[in-house]
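Quick check, what structure comes out for this input:
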Amino acid sequence: MKPNLLIVDDEQHTREGLELALEDKYEVFLASGPEEAFNAIEAEKFEVVLTDLKMSGQSGMSVIDFSIQHPTAPICIMMTAYGEVDVAVEAMKRGAFDFLSKPVNLEKLELLIKRGLEGKTLKSENSQLHQRLDKKFTFRGILGKSPALEKVLEQIQLVAPTKTTVLLTGETGTGKELVAQSIHQNSDRARGPFVAVHCAALPANLLESELFGHEKGAFTGANEKRIGRFESAHGGTLFLDEIGEIDASTQVKLLRFLESKTIERLGSSKTIEIDTRLVCATNRDLVSMIKKDEFREDLFYRLNVVTVELPPLRERGEDILLLIDHFLGIYAEENQFDRPKLSKEAFAILKDYSWPGNIRELRNFCENLVVLKRGDEITPYDLDPRFSMQADDQDLNEQSTAHTLSVEENEKRLLRNALVRANGNRTKAAELMGISRRTLHRKLSRWPELDVQ
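Okay, the predicted model is just below:
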């Protein structure tokens, strides 16, 4: 894989001359000034930025500053005219790797780039090694001790060290991306990149370009060459979420990659070899989609080498309290609030709740609870009505098999639900029940335990 190199110079012959000299070893991109360079750095990941000092408008110093502060932090080399050494030294103090005087000595330039890339690689590897040594064969971020989750963790530990393509299945919100990251983290690719793409978030005409990249002029609006996600994940793992949403054309290209480990950018006939491990995820029934001719059968079998099915949260009852405690702690710390406490009654309701949105719903619920909580302890009346409504439905189903509820029991249940929905507002609760506020007061004096105020 060639490193990406950006040349910034307002003199066209200088830009193009350097491009000709360097294009055999680097993927060369050109910018005619700082503003164009800023846009390029936002759009692409560059390993090297080579910039002139004096240009019309802003100077090359602004390119250095922007590059160094950018998350990708490429190595920067300044080109200066004779007699501008003091300025170049200042650029190095601000983070530039080195500088060269014009006219540029190409041999010296290539040596500087090589040294800079070697230093950058070594620094990155050391940093990643320190971060990951204590994570090897661990599953940080995946919380739980239920048998259903333990089964998933055992599968991850077995498949992670291999090169096998993995298909993650399960309902929305069950944590597929977190599992994909764990597979990557526990593989020999842990030092490489982990790149995630949510296929459903991109229209079909953009997804193909996003995955495989494109050449300049490949289609209307393709003003610059773009490296795709497959190339960005070279040496690491590419996670394709919602794989069932990709169109037929992209399915063909994905199948070709799985068979040959090669891709072609849009607008190019050049074949590029890629060393990328693929982990995919879906909440759809791919077998049913195959029967409807919505998904390629040959692609399915290529993806379905190892399948890991993530259990829904309703099957992980032992993990719910652990997850709630974890997320309450995170959001309390983020917002600098005290961590709210759940009463036994509230926890019993939450444990029995079906959590159709799974972990994503639980996480959002915890954030809402921290921000909008009442008092130090959370009671059933502090919970969203959807929780108590489900509990009431369950009670009703259980009791209906044994005996018919009395009129009084039905009335109490309706009154409690109305008060919860009205968030304790008696006037609104009376309106919901279709009774007067005076009648509601009379009923509450009879059953004071129902009042949420």
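
For the stretch 101-250 of the chain, just list every one of the strands.
166-169, 194-198, 237-241 (DSSP state E, counting those that start in this stretch).

Output the shortest one as CSV - backbone C-alpha positions only.
Below are the C-alpha coordinates for strand 166-169, written out as CSV (Å, rounded to 0.1, in the frame of the first residue of the first chain):
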residue,chain,number,x,y,z
VAL,A,166,-17.5,-13.5,10.8
LEU,A,167,-21.2,-12.8,10.5
LEU,A,168,-22.8,-11.3,13.6
THR,A,169,-26.6,-11.7,13.8
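
Could you name the helices and strands sitting against that strand?
If you count contacts as 3 or more CB pairs under 8 Å, 6 or more residues apart in numbering; DSSP states H and E, strand 166-169 packs onto helix 176-185, strand 277-282, strand 306-309. In this view, the C-beta of every residue, glycine as well, is placed from N, C-alpha and C.

Pick out the residue nearest the middle of the chain.
Central residue of the chain (CA atoms, centre = their mean): A196, 6.2 Å from the mean position.

Please give me every residue in contact with the residue lying closest to that residue once chain neighbours are set aside.
Residue nearest to A196 in three dimensions, not counting chain neighbours: F239, with 4.4 Å by CB to CB, 6 or more residues apart in numbering. F239 makes contact with 177, 180-181, 184, 194-197, 279-281, according to CB atoms under 8 Å, 6 or more residues apart in numbering.

Go again with 10 Å.
166, 168, 176-177, 179-181, 183-184, 194-198, 229, 233, 277-281 (CB atoms under 10 Å, 6 or more residues apart in numbering).

go on, G217?
223-225, 267.

Backbone dihedrals for it, both of them.
phi 80, psi 10 (degrees, to the nearest 10).

Equivalent analysis for L53, please.
Dihedral pair for L53: phi -80, psi -50, per degrees, to the nearest 10.

Verify the stated contact: it with D86.
No. If you go by CB atoms under 10 Å, L53 and D86 don't touch, sitting 11.2 Å apart.

which one of those two has more residues nearby?
Neighbour comparison, L53 and D86: the larger count goes to L53, with 20 against 8 (by other CB atoms under 10 Å).

distance of that one from L419?
Using CB to CB, to the nearest Å, we find L53 at a distance of 71 Å from L419.

same question, E47
Counting by CB to CB, the gap from E47 to L419 is 62 Å.

quick one, which of these two is more surrounded?
Neighbours of E47 and L419, each counted by other CB under 10 Å, are more numerous for L419; the result is 25 against 20.

That one: which element?
helix 407-421 (DSSP states H and E).

Using PDB, write down the CA coordinates of that helix.
Only the C-alpha atoms of helix 407-421 are listed here, as PDB (Å, rounded to 0.1, in the frame of the first residue of the first chain):
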ATOM      1  CA  VAL A 407     -64.100  -3.100  39.800                       C
ATOM      2  CA  GLU A 408     -62.100  -1.500  42.500                       C
ATOM      3  CA  GLU A 409     -58.800  -3.200  41.400                       C
ATOM      4  CA  ASN A 410     -59.400  -2.100  37.800                       C
ATOM      5  CA  GLU A 411     -60.200   1.500  38.900                       C
ATOM      6  CA  LYS A 412     -57.000   1.700  41.000                       C
ATOM      7  CA  ARG A 413     -54.900   0.400  38.100                       C
ATOM      8  CA  LEU A 414     -56.400   3.000  35.700                       C
ATOM      9  CA  LEU A 415     -55.800   5.700  38.300                       C
ATOM     10  CA  ARG A 416     -52.200   4.800  38.900                       C
ATOM     11  CA  ASN A 417     -51.500   4.700  35.100                       C
ATOM     12  CA  ALA A 418     -53.100   8.000  34.600                       C
ATOM     13  CA  LEU A 419     -51.000   9.600  37.300                       C
ATOM     14  CA  VAL A 420     -47.800   8.100  36.000                       C
ATOM     15  CA  ARG A 421     -48.600   9.300  32.400                       C
END
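
Just the mean pLDDT for it, thanks.
What helix 407-421 shows for mean pLDDT is 73.

Now the element after it, going C-ward?
Using DSSP H and E, the next helix or strand after helix 407-421 towards the C-terminus is helix 426-433.

Please tell me how far the very next helix or strand once past that next one is from the chain's geometric centre.
Heading C-terminal from helix 426-433, the first helix or strand you meet, by DSSP H and E, is helix 437-446. Counting by CA atoms, centre = their mean, to the nearest Å, helix 437-446 is centred 51 Å from the centre of its parent chain.

For helix 437-446, name the packing helices and strands.
Here helix 437-446 touches helix 407-421, helix 426-433, going by 3 or more CB pairs under 10 Å, 6 or more residues apart in numbering; DSSP states H and E.

Check the offset of the first one from the chain's centre.
Counting by CA atoms, centre = their mean, helix 407-421 is centred 43 Å from the centre of its parent chain.
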